[in-house]
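> predicted model and sequence below, questions to follow.
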Amino acid sequence: VLSFIIFICYIASLVTSFFMAPLLEFLLALFLFFAHASKLNEKFKGLYWPLSDFLRCVTAAIIYFAISIAAVSRYSDGASKAAGVFGFVATIVFAIDFYITFNDLVAFLKQGSSESPEERKSEDEASNSDSD
């Protein structure tokens, strides 16, 4: 929703060159929302969905911060200032989101690496002997 508001502000402002970043972020967030809602993330196991969400949040926070600084410092119309302020709010929201997602990633990686190679080998041998 915040990306859509920023997109509308950039369309109404003199800074029309910046409207593409919030539009792409809005569409990507919409795609990930529908992918999660339709259980698409469970069908495609090869893609680690929290990692893609983490990368989306990191890049969005960086891009929103950069274009917000440019919009606030270079342009004087009200819509540009509003888009810049909303962009700073979006930067904070995305920074919080990628911090939370990063903690989930770390927990997942610790869970996957807590199993020693000997335990994995014994599990593989047990599954091979069961199939014989």
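Perfect, I can see it now. Residues are numbered from 1 along each chain as shown.
> switch to C-alpha atoms for all contacts and neighbour counts from now on
Fine.
> for Leu14, which residues are in contact?
Contacts for Leu14 were tallied using Cα atoms under 8 Å, 6 or more residues apart in numbering; they are 75, 77, 79-80.
> redo those as JSON lines? Include distance to Ile8, pLDDT and neighbour count.
Written out in JSON lines, the entries for these read as follows (distance: Cα to Cα, whole Å; pLDDT from 0 to 100; neighbours: other Cα atoms under 10 Å):
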{"residue": "Tyr75", "distance to Ile8": "16", "pLDDT": "81", "neighbour count": "15"}
{"residue": "Asp77", "distance to Ile8": "14", "pLDDT": "84", "neighbour count": "14"}
{"residue": "Ala79", "distance to Ile8": "9", "pLDDT": "85", "neighbour count": "21"}
{"residue": "Ser80", "distance to Ile8": "10", "pLDDT": "86", "neighbour count": "27"}
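> would you mind giving these as CSV with distance to Ala21 added?
Written out in CSV, the entries for the contacts of Leu14 read as follows (distance: Cα to Cα, whole Å):
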residue, distance to Ala21
Tyr75, 17
Asp77, 19
Ala79, 16
Ser80, 14
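> and the two most separated of those?
The most widely separated members of these are Tyr75 and Ala79, with 9.3 Å between them, by Cα to Cα.
> does Ile11 really touch Ala21, like I thought?
No. Between Ile11 and Ala21 there is no contact, the gap being 11.7 Å when judged by Cα atoms under 8 Å.
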